[in-house]
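A.B. asks: Sharing a model prediction with you, sequence too.
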Amino acid sequence: MQHRLRKVHWDALMIKHGDYMDQNWIDVCAVDELPDDDVKGVQAAGHDIALYHINGEVFATEGVCSHGNAKLCEGYLEGHEIECPLHQGRFDVRSGQAMCAPLTADIRIYLVKKDNGRVLVDVS
């Protein structure tokens, strides 16, 4: 039984490793270009992306509000929520979840990693 458990565990690791290899990481900026507790707009492979630097962590979402087509990088960041500058709807930057009216649709989130002082976003 132990041998079988080890095999299943190894297969799970291989699947995770394979998924990682299929990702499309794009270098979007230096970590030190991101102001603390603020938002910055960037472009990556034709995508408008909003980057959020919160307590040393970096999050990335779609850069445009799902409700009013406003740029989220021009919004107000409070904690882990970005407020749209057009109609004051808020999204959780960790999940993309629409938090209040007038928003009715979530926004896309992107995987982010920091590598050698750079911020990379997975746009796949």
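C.D. replies: Now that the structure is in, tell me what you want to look at.
A.B. asks: doesn't V58 fall inside a strand?
C.D. replies: Yes: with the criterion set as DSSP: H, G, I helix; E, B strand; the rest coil, the secondary structure at V58 is a strand.
A.B. asks: give me every residue that touches it.
C.D. replies: Shown in contact with V58 (CB atoms under 8 Å, 6 or more residues apart in numbering): 31, 34, 51-52, 112, 114, 119. Every residue, glycine included, has its C-beta placed from N, CA and C.
A.B. asks: looking at the residues you listed, which has the most residues close by?
C.D. replies: For these, the largest neighbour count, defined by other CB atoms under 10 Å, is 26 neighbours, found at L51.
A.B. asks: so how far is G117 from the residue nearest to E74 when sequence neighbours are not counted?
C.D. replies: For E74, ignoring the flanking residues on the chain, the nearest one in space by CB to CB, 6 or more residues apart in numbering is P85 at 4.6 Å. Using CB to CB, to the nearest Å, P85 is found at 30 Å from G117.
A.B. asks: which residues in the protein form strands?
C.D. replies: Remark: strands assigned in the chain by DSSP state E are 25-30, 38-44, 47-54, 57-62, 76-78, 81-83, 90-92, 109-115, 118-122.
A.B. asks: tell me which residues of the third one are tucked away?
C.D. replies: When you say that, I think you mean strand 47-54. Applying a neighbour-count criterion of 16 or more other CB atoms under 10 Å, one finds 47, 49-54 buried in strand 47-54.
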